[in-house]
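Asks: I need the structure of the sequence given here:
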Amino acid sequence: MAKKCHVPSQPYPWPFDGDLRPENTALLAIDMQTDFCGKGGYVDSMGYDISMTRAPIDPLRSVFETFRKHGYHIIHTREGCKLDHGDL
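Replies: Below you'll find the model as predicted:
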């Protein structure tokens, strides 16, 4: 039987059943892209402070490194838009 593994979290440890394995778990990274988080991206070009959207970048690097080291899949999503920033 596989060893149970939990990640400390609130309101309860995750996953609830301790069945945390690369075969049943993936990490989703949603919209961590230049438009939202990068200098010269859309949000930055609108004059908004991007420090809040950039704040998770370094912590996520550590999480990605750990997940990769243990064979987990990481799925990155990104938003696409037309050159005029309209929806596709």
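
Asks: Low-confidence bits of the protein, can you list those?
Replies: Along the chain, the parts satisfying pLDDT under 70 run over 1-2.

Asks: Quick one: the strands in it, in order.
Replies: Along the chain, counting by DSSP state E, strands occupy 26-30, 73-77.

Asks: Point to the residue nearest the middle of the protein.
Replies: residue 29 (2.7 Å; CA atoms, centre = their mean).

Asks: ok, that residue touching residue 73?
Replies: No - if you go by CB atoms under 8 Å, residue 29 and residue 73 don't touch, sitting 11.1 Å apart. Bear in mind the C-beta positions are built from the backbone N, C-alpha and C, glycine included.

Asks: How many residues are close by residue 53?
Replies: Neighbours of residue 53 under the rule other CB atoms under 10 Å: 19.

Asks: What residue, apart from its backbone neighbours, is nearest it spatially?
Replies: residue 37 (4.6 Å; CB to CB, 6 or more residues apart in numbering).

Asks: Return the residues in contact with the spatially closest residue to residue 34 that is not a sequence neighbour.
Replies: Leaving aside its chain neighbours, residue 34 sits nearest to residue 41 (4.2 Å; criterion: CB to CB, 6+ apart). Residues in contact with residue 41, defined by CB atoms under 8 Å, 6 or more residues apart in numbering, are 33-35, 50.
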